[in-house]
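A.B. asks: could you work out the structure for the sequence below:
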Amino acid sequence: MIRLPEITWYKSKSQIARVMTETWTGENIFCPNCGNYISEYENNRPVADFYCWNCNEEFELKSKKSKSLWNIIPDWAYGKMIERLESATNPSFFFLTYTPNREVSNFLVIPKHFIQPKNIIKAPRILKDRWEYIMCNISLMWIPESGKIFYIKNGEYKSEKNILDTWKKTIFLQDTKNIQTKGWLLDIMNCIDSIKDDNFTLDDMYGFAPQLQILHPENNFVHDKIRQQLQILRDKWYIEFVSRWKYRKL
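C.D. replies: Below you'll find the predicted structure:
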């Protein structure tokens, strides 16, 4: 059983939740990029909550009292979040869920290179006395499975090797600076996730052409684009080329 520490010296429920989850994360979680343990920033830092002193990766923690993982996460100001996506200081996200008796049910990291503008959704709420801020939610609905790297899933720990290997598998996306180019890669990765078998064909991928056309209405050569993205993912060892028009998930 994995349990968060009991905090008794605060009365505010939100403050108790923040200290409880941040304390546990700082004491138990290692950097998914290099394996070193992480450190906590001072309170009220606007960009991130934790950092790795070894490789300089930064992380923002989002937590919720819930046994299951949730697909919509409340966040800060919409405009600021969109700016962060294009900045060098954009952090990756830790997500933690826990039960009313403080048992950790899920803990995962989503690397920053998986977060796109379409994951940031305007929210119908404003801050008190800050009406000029349009708030936002982070949607996980368009995140490929390889971008959801679990440390703990349904109460069970994943191995450190699995976490580090999964992070490294998609690190090439950090070098893809163009948002549109990255969007195509992530959409193709989502399509691959939708195929139940580890082995698939080019025709299987062509079956996603109608929905890809909706996502990318400016592109009139979707089949060509599918082949191009499969070539990139093959070269990056995300998938394996088996034989003519046949592939395998790695």
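A.B. asks: buried residues in stretch 27-45?
C.D. replies: Within stretch 27-45, the residues scored as buried using 16 or more other Cβ atoms under 10 Å are 28-29, 31-33, 38, 40-41. In short, each C-beta sits where N, CA and C put it, glycine included.
A.B. asks: just the CA atoms of it, as CSV, please.
C.D. replies: Provided in CSV are the C-alpha atoms of stretch 27-45 (Å, rounded to 0.1, in the frame of the first residue of the first chain):
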residue,chain,number,x,y,z
GLU,A,27,10.6,12.1,-1.4
ASN,A,28,9.6,9.2,-3.7
ILE,A,29,9.9,10.2,-7.4
PHE,A,30,13.0,10.2,-9.6
CYS,A,31,13.6,12.1,-12.8
PRO,A,32,12.3,10.1,-15.8
ASN,A,33,14.9,11.6,-18.0
CYS,A,34,18.1,10.6,-16.1
GLY,A,35,17.0,8.6,-13.0
ASN,A,36,18.3,11.1,-10.4
TYR,A,37,16.0,12.2,-7.6
ILE,A,38,14.2,15.5,-8.0
SER,A,39,14.2,18.6,-5.9
GLU,A,40,11.3,21.0,-5.0
TYR,A,41,11.3,24.6,-6.0
GLU,A,42,10.4,27.3,-3.5
ASN,A,43,6.7,28.0,-3.2
ASN,A,44,4.7,30.0,-5.7
ARG,A,45,7.2,29.6,-8.5
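A.B. asks: what mean pLDDT does it get?
C.D. replies: Averaging pLDDT along stretch 27-45 yields 89.
A.B. asks: residue 209: which of the buried residues of stretch 27-45 is nearest?
C.D. replies: Nearest to residue 209 out of those is residue 32 (Cβ to Cβ; 33.8 Å).
A.B. asks: pick out the residue closest to the middle of the chain.
C.D. replies: residue 110 (2.3 Å; Cα atoms, centre = their mean).
A.B. asks: which non-adjacent residue is nearest it?
C.D. replies: Spatial nearest neighbour of residue 110, excluding adjacent residues (Cβ to Cβ, 6 or more residues apart in numbering): residue 93 at 4.7 Å.
A.B. asks: same check on residue 31?
C.D. replies: Nearest to residue 31 is residue 52, by Cβ to Cβ, 6+ apart, at 3.8 Å.
A.B. asks: re earlier: would you agree the residue nearest to the centre of the chain is in contact with residue 95?
C.D. replies: Yes. Residue 110 lies in contact with residue 95 (Cβ atoms under 8 Å); the separation is 7.0 Å.
A.B. asks: tell me, how many neighbours does the nearest residue to residue 245 once chain neighbours are set aside end up with?
C.D. replies: Nearest residue to residue 245, sequence neighbours excluded (Cβ to Cβ, 6+ apart): residue 202, at 3.9 Å. By other Cβ atoms under 10 Å, the residues close to residue 202 number 15.
A.B. asks: cool, and residue 185?
C.D. replies: Using other Cβ under 10 Å, residue 185 has 21 neighbouring residues.
A.B. asks: ok, now the one 4 residues further on?
C.D. replies: Residue crowding around residue 189 was assessed by other Cβ under 10 Å; the count is 21.
A.B. asks: ok, it - contacts?
C.D. replies: Residues counted as contacts of residue 189 (Cβ atoms under 8 Å, 6 or more residues apart in numbering) are 144, 146-147, 233, 238.
A.B. asks: neighbour-wise, give me the winner out of the residues you listed.
C.D. replies: Among the contacts of residue 189, residue 147 has the most neighbours (other Cβ under 10 Å), with 24 neighbours.
A.B. asks: state the pLDDT value of residue 167.
C.D. replies: Residue 167 is assigned 96 on the pLDDT scale.
A.B. asks: not counting its neighbours along the chain, what's nearest it?
C.D. replies: Leaving aside its sequence neighbours, residue 167 sits nearest to residue 32 (Cβ to Cβ, 6+ apart; 4.4 Å).
A.B. asks: same deal with residue 24?
C.D. replies: Of all residues not flanking residue 24 in the chain, residue 4 sits nearest, at 4.8 Å (Cβ to Cβ, 6+ apart).
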